[in-house]
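Asker: What follows is a predicted protein model with its sequence.
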Amino acid sequence: MQVENPKLYTDRGRFLWITTIWTIFAQEEEIIRASAAHVEEFLDGMALPKVTRPTLFTSWAGAIKRAIEEETGSALTSQTELAIKRWAAGAAKAWTKDKLYEPRQAKGISRNEVDQLLAFLWFRRWPNLSFKATALVTFLAARTGARVKEITALYIEDLEETMHEGISFLRMPLRSSKSNTFKDRREALILPFSGPDEANIRHWLRVIKGGRSEGLLFQNTSTAKVRDHFRIATKHYGWKRAPTAHSLRIFFVISALESGASETDIQNLCRWRSAEMICIYKNRLTEVRTTGAAYKVYHANKENDATIGIPSTPTPEPQQHKNHEFFRHQFRNANNGQGTSRKKQGTIQIRRRMAEASTQTDPVNIVDAEKPKQNSYEALRNYIFGQN
């Protein structure tokens with residue numbers, strides 16, 4: 001059964017779609033309490049709308065569970081939940097078997113593209129400060145690894161500037177963040193700067209503040225507006241694909257890795273609770289670069305002469321192996337042309353002679369056959385097959 005519904009790209013839409021077709025199925029089958037067998041039958045007959053990626057089967061499985069529980073008014077048994085999980089796993093496996101799927105990540109951005117963005121957004125004559133604000137957001141995201149949404153939520157009165165050993169530090173505390181909803185730890189963006197950077201950064205901050213001493217640092221600036229400005233810059237420079245707000249965080253991580261920064265420091269600055277995210281970034285963006293894990297292992301093996309290569313010339317075979325192959329080939333040729341009856345007769349003759357020799361007290365004189373010479377292949381063959 002298949003029910004059309006245009007709003008299937010949200011959890012609520014999937015839930016309503018499943019509820020509709022489950023209600024029809026339950027009425028037809030007169031189901032009051034859903035068992036594992038009922039659910040398996042329902043899933044076998046269900047035709048999902050087009051699924052664009054295999055991870056969505058997990059979302060569909062959750063929608064199926066919630067819809068059935070709400071319609072039946074009781075929680076599903078462990079066996080029924082397992083049946084739904086098996087269905088989702090099987091559907092995802094079948095989906096990926098038909099075509100290659102690799103999860104996409106935000107477009108990476110190079111150092112040259114970041115410089116071009118900053119120049120385009122700041123130095124062109126714009127009618128307002130909107131583009132200049134995006135330029136400063138871009139700079140802070142690329143230098144601190146912060147999310148654009150976090151930067152646009154900074155307050156002027158929260159900013160702190162200190163100096164240590166001749167280096168200036170701008171501390172920008174976060175009032176809220178994605179990974180620290182309940183504020184159980186301190187979080188702040190840290191921007192070290194010195195030399196020529198110092199005057200430029202102070203100038204950009206003064207322009208954006210506009211004489212204000214409190215309130216949002218970036219007024220009327222959002223992630224969506226940053227993306228719009230990036231699209232305008234992409235069209236101006238003729239890039240094939242526009243960078244996103246997250247591209248700047250990727251740039252920070254990859255630049256730090258390629259510069260030799262420790263993964264612990266990167267994890268600390270990006271405020272990740274585990275190193276799993278660093279692995280995701282590395283596997284996606286450095287897998288075919290000399291800073292990636294594959295090349296590092298290859299280089300280490302090469303330095304220790306442990307790399308496996310394809311030989312340019314065949315490896316000589318051991319002499320004993322060659323002799324073995326020769327004799328096996330010769331023995332096979334000797335049997336060629338011999339009928340089955342002839343081979344059996346030869347075997348019977350050998351068995352008879354061995355039996356006669358073992359039962360006689362006097363030496364047996366073998367007539368019409370030459371005793372095989374020790375280590376002589378031709379004599380052995382003649383002896384076995386009765387050839388003179």
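Answerer: Great, that's in hand.
Asker: who's in contact with Ser255?
Answerer: Arg111 (Cβ atoms under 8 Å, 6 or more residues apart in numbering). C-betas here are computed from N, CA, C, even on glycine.
Asker: What pLDDT is listed against it?
Answerer: pLDDT, Ser255: 93.
Asker: Where do the helices of the stretch 1-150 of the chain begin and end?
Answerer: Assigned helices in the stretch 1-150 of the chain, in chain order: 11-29, 36-45, 56-72, 78-98, 111-123, 130-144, 148-151 (criterion: DSSP state H, counting those that start in this stretch).
Asker: Compare these and report which one is nearest to Met163.
Answerer: Closest to Met163 of those is helix 130-144 (Cβ to Cβ; 17.7 Å).
Asker: hey, where'd the strands end up in the protein?
Answerer: Secondary structure of the chain (DSSP state E): strands at 160-164, 167-173, 188-193.
Asker: got the ones you listed as JSON lines, with distance to Thr96 columns?
Answerer: Output for these, formatted as JSON lines (distance: least, Cβ to Cβ, whole Å):
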{"stretch": "strand 160-164", "distance to Thr96": "50"}
{"stretch": "strand 167-173", "distance to Thr96": "43"}
{"stretch": "strand 188-193", "distance to Thr96": "39"}
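Asker: Compare those strands and report which one is nearest to Val51.
Answerer: Scanning the strands of the chain with Cβ to Cβ as the criterion, the closest one proves to be strand 188-193, at 38.7 Å.
Asker: Just the CA atoms of the closest one, as PDB, please.
Answerer: Below are the C-alpha coordinates for strand 188-193, written out as PDB (Å, rounded to 0.1, in the frame of the first residue of the first chain):
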ATOM      1  CA  ALA A 188      34.900  31.300  25.100                       C
ATOM      2  CA  LEU A 189      36.400  32.000  21.700                       C
ATOM      3  CA  ILE A 190      40.100  33.100  21.900                       C
ATOM      4  CA  LEU A 191      41.700  35.200  19.300                       C
ATOM      5  CA  PRO A 192      45.500  35.700  19.700                       C
ATOM      6  CA  PHE A 193      47.000  38.500  17.500                       C
END
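Asker: mind listing what's buried in that strand?
Answerer: Leu189, Leu191, Phe193 (16 or more other Cβ atoms under 10 Å).
Asker: Also stretch 73-82?
Answerer: Going by 16+ other Cβ under 10 Å, stretch 73-82 has these buried residues: Leu76, Thr80, Glu81.
Asker: swap in stretch 125-132?
Answerer: Applying a neighbour-count criterion of 16+ other Cβ under 10 Å, one finds Leu129, Ser130, Phe131, Lys132 buried in stretch 125-132.
Asker: Please name the nearest non-neighbouring residue to Trp60.
Answerer: Distances taken as Cβ to Cβ, 6 or more residues apart in numbering put Arg14 closest to Trp60, at 6.1 Å, once the chain neighbours are dropped.
Asker: Tell me the predicted confidence for that neighbour.
Answerer: At Arg14, the model reports a pLDDT of 90.
Asker: Pretty sure it sits against Ser59.
Answerer: Yes. Taking Cβ atoms under 8 Å as the definition, Arg14 is a contact partner of Ser59 at 6.3 Å.
Asker: Any chance of a markdown table for the helices of the stretch 1-150 of the chain, columns distance to Thr290?
Answerer: As requested, these are arranged in a markdown table below (distance: least, Cβ to Cβ, whole Å):
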| stretch | distance to Thr290 |
| --- | --- |
| helix 11-29 | 42 |
| helix 36-45 | 48 |
| helix 56-72 | 36 |
| helix 78-98 | 30 |
| helix 111-123 | 17 |
| helix 130-144 | 22 |
| helix 148-151 | 30 |
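Asker: for the ones you listed, which one sits closest to Ile278?
Answerer: helix 130-144 (16.4 Å).
Asker: tell me the angle that closest one makes with strand 167-173.
Answerer: Angle, helix 130-144 to strand 167-173, by axes from the mean of the first three to the mean of the last three Cα atoms, to 10 degrees: 110 degrees.
Asker: Just the residues contacting helix 130-144, thanks.
Answerer: Residues external to helix 130-144 that are found in contact with it (Cβ under 8 Å, 6+ apart): 114, 117-118, 121-122, 124, 126, 146-148, 151-152, 172, 189-191, 204-205, 207-208, 218-221, 225-226, 229, 245, 248-249, 251-252, 269.
Asker: now that helix, how far from the centre of its chain.
Answerer: For helix 130-144, the separation from the chain centroid amounts to 30 Å (computed by Cα atoms, centre = their mean, to the nearest Å).
Asker: Equivalent analysis for stretch 59-68, please.
Answerer: Going by Cα atoms, centre = their mean, where stretch 59-68 is centred and where its chain is centred differ by 26 Å.
Asker: Now do that stretch: everything it contacts.
Answerer: Residues from elsewhere that reach stretch 59-68, judged by Cβ under 8 Å, 6+ apart: 11, 14-15, 17-19, 22, 34, 39, 43, 48, 51, 76, 80-81, 84-85, 87-88.
Asker: Which members of these are classed as buried?
Answerer: Applying 16+ other Cβ under 10 Å to the contacts of stretch 59-68, the neighbour count classes 14-15, 17-19, 22, 34, 39, 43, 76, 80-81, 84, 87-88 as buried.
Asker: residues contacting the nearest residue to Ala233 once chain neighbours are set aside?
Answerer: Counting by Cβ to Cβ, 6+ apart, Ala233 lies nearest to Phe120, which is 4.8 Å off, once chain neighbours are set aside. Taking Cβ under 8 Å, 6+ apart as the contact definition, Phe120 lies against Ala233, His236, Tyr237.
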